[in-house]
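A.B. asks: structure for this input, please:
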Amino acid sequence: MSWNYRVVKKGDCYGIHEVYYKDDGTMKTSMVSVDQMSPHGETADELENDFNLMRGAFNKPVLDYKDFDYKEDS
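C.D. replies: Now for the predicted structure:
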């Protein structure tokens, strides 16, 4: 399983969320972080790396939180 950061519209707000993918690369509709994420790291370099990963979310389509069904995918 893999993951990345994505811009997710939740109600009237947009935020950066973690989204998880199956081994075949398709999105698991049951796996998205409930709360938006903020960049973090144990060092300034780790913080910058996490921030840059989040910045990459803007190069992908915006997802809508209501499209996640929270049921187990197979």
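A.B. asks: tell me the bridge partners for the most centrally placed residue in the chain.
C.D. replies: Taking CA atoms, centre = their mean, the centroid of the chain lies closest to Glu18, which sits 2.5 Å from it. Under DSSP bridges, the beta-bridge partners of Glu18 are Tyr5.
A.B. asks: could you pull out the helices for the chain?
C.D. replies: Along the chain, counting by DSSP state H, helices occupy 44-55.
A.B. asks: low-confidence ranges, it, go.
C.D. replies: Residues of the chain that meet the criterion pLDDT under 70 lie in 29-30, 70-74.
A.B. asks: show me what contacts the residue nearest to the centre of the chain?
C.D. replies: Trp3, Asn4, Tyr5, Arg6, Val32, Ser33, Met37 (CB atoms under 8 Å, 6 or more residues apart in numbering). All C-beta spots, glycine's among them, are computed from the backbone N, C-alpha and C.
A.B. asks: let's see it at 7 Å
C.D. replies: Contacts here follow CB atoms under 7 Å, 6 or more residues apart in numbering; on that basis Glu18 touches Trp3, Tyr5, Val32, Ser33, Met37.
A.B. asks: against Asn52, how distant is the closest residue in space to the first one that isn't next to it in sequence?
C.D. replies: Here the nearest residue to Trp3 in space, its sequence neighbours aside, is Tyr20; by CB to CB, 6 or more residues apart in numbering that works out to 4.6 Å. Tyr20 sits 20 Å away from Asn52 when distances are taken as CB to CB, to the nearest Å.
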